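In: the following block contains a protein sequence and its predicted model.
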Amino acid sequence: MPTTTTTPQPRPSDRPRRLRTSPALRRLVTENRIDPAELVLPMFVREDAGEPTPVASMPGVVQHTEDSLRRSAVEAAEAGVGGLMLFGVPATRDAVGSCATDPAGVLNRGLEALVAEVGDAVVVMSDLCLDEFTDHGHCGVLDDAGRVDNDATLRRYQQMALAHAAAGAHVLGLSGMMDGQTAAVRDALEDAGHHDTAILAYSAKYASAFYGPFREAVDSQLQGDRRTYQMDPGNRREGLREAALDVAEGADIVMVKPAMSYLDVLADVAAQSPVPVAAYQVSGEYAMIEAAAAQGWIDRRRAIEESVLGIRRAGADVVLTYWATELATWLR
Ligand code: PBG
């Protein structure tokens, strides 16, 4: 017969569960929370649109008319959203993206409309890139061999920057991933006296499959990919290098994009950056959660909140998300 051994009652020396016992305690000690003020809503405005056009792969997102853009901006402002990031969808495109620098072009007019509508109450940001405006869909102009010509593109970005600043944009979002773009745009702005127009540099922007739905949202003309200018998804160290270059060139805010598959890069950049760090929860990240929620496979609201909280926890000061208005409404 085995003798019965009396084991001592286990007693953990530490009880982290103590601080999880009630909603009030959890709320008190939470390390990170989301504030509507740090959310930025990306928006699309389409030239010659008779009415808002839904983007099929992004349920809830539309290509706006100028009117619906204004209404949606007011709604975001009322919810407490901190910023708006505008993309333009032109009716005609050409090799150099002429519409991008035309003061009457869809994006420049849209920026004017936003500034007129929300004034200084919400930060108005512009997407400064040529891909929506070129007939080949690349983020820059091409050389004779059909390659994206870095330095010729910088001239176009400078012209775009002046158009956006003239339209009243508070922050220019440089998303083209050309070398030297931050310095080139900063120079052009300073020369023209736009000292207070800020630059949000898309510093670590990866060549990602998660931009898929966005390409529908802007009617992208791209054949092929952007791997000669956007970053290789395998690279972590390079994200720090790109962010450091942008800071040295005068960026006021740096960004990591996409967010959810690049939280390590975001944490690295946040740990070293002397300027605020933004992260962009991109179209494919939005579409994945919406699609799973539509199937009833995940709890939509909890998944949205958790995904944005994860981006904040990794170190983002500012989060661009298509859920900005809805999320801000929940948080109030
Ligand atoms: C380039 C730009 C893109 C996105 C933002 N700016 C597309 C790309 O680089 O291919 C993607 C945003 C998203 O997927 O939500 N103008």
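Out: Structure received. Numbering: from 1, shown residues only.
In: what is the helix or strand of the chain with the lowest mean pLDDT packed up against?
Out: Lowest on mean pLDDT, DSSP states H and E among the helices and strands of the chain sits helix 212-217, with a mean of 93. Using 3 or more C-beta pairs under 8 Å, 6 or more residues apart in numbering; DSSP states H and E as the contact test, the elements touching helix 212-217 are helix 283-294. C-beta coordinates here come from the backbone N, C-alpha and C atoms, glycine included.
In: and the least confident helix or strand of the chain, how far out from the chain's middle?
Out: Distance of helix 212-217 from the chain centroid (C-alpha atoms, centre = their mean, to the nearest Å) equals 14 Å.
In: equivalent analysis for stretch 16-23, please.
Out: Its chain's C-alpha centre and that of stretch 16-23 lie 35 Å apart, by C-alpha atoms, centre = their mean.
In: over to stretch 320-332?
Out: Remark: stretch 320-332 is offset 14 Å from the chain centroid, using C-alpha atoms, centre = their mean.
In: contact partners of it?
Out: Residues outside stretch 320-332 that contact it (C-beta atoms under 8 Å, 6 or more residues apart in numbering): 34-36, 39-42, 58, 60-61, 72, 75-76, 79-81, 85, 255, 278-281, 283, 286, 301, 304-305, 308.
In: near the ligand, which of those residues show up?
Out: By C-beta under 6 Å from any ligand atom, the members of the contacts of stretch 320-332 lying near the ligand are Ser283.
In: which of the contacts of stretch 320-332 count as buried?
Out: Listed as buried from the contacts of stretch 320-332 are 34, 36, 39-42, 58, 61, 72, 76, 79-81, 85, 255, 278-281, 283, 286, 304-305, 308; burial here means 16 or more other C-beta atoms under 10 Å.
In: what sits against the residue most central in space within the chain?
Out: Geometric centre of the chain, nearest residue: Tyr280, 3.4 Å, by C-alpha atoms, centre = their mean. Contacts of Tyr280 were listed using C-beta under 8 Å, 6+ apart, and they are 42, 202, 255-259, 319-320.
In: what ranges does the stretch 201-332 of the chain have for its strands?
Out: Secondary structure of the stretch 201-332 of the chain (DSSP state E, counting those that start in this stretch): strands located at 253-257, 277-280, 318-320.
In: and Met1, what pLDDT?
Out: Note on Met1: pLDDT of 55.
In: please apply the same query to Ala49.
Out: We have a pLDDT of 85 for Ala49.
In: and which of the contacts of Tyr280 is nearest to Arg18?
Out: Set against Arg18, the nearest of the contacts of Tyr280 by C-beta to C-beta is Val319 (31.0 Å).
In: the closest one contacts Val277, doesn't it?
Out: No - in this structure Val319 lies outside contact range of Val277 using C-beta atoms under 8 Å: 10.1 Å.
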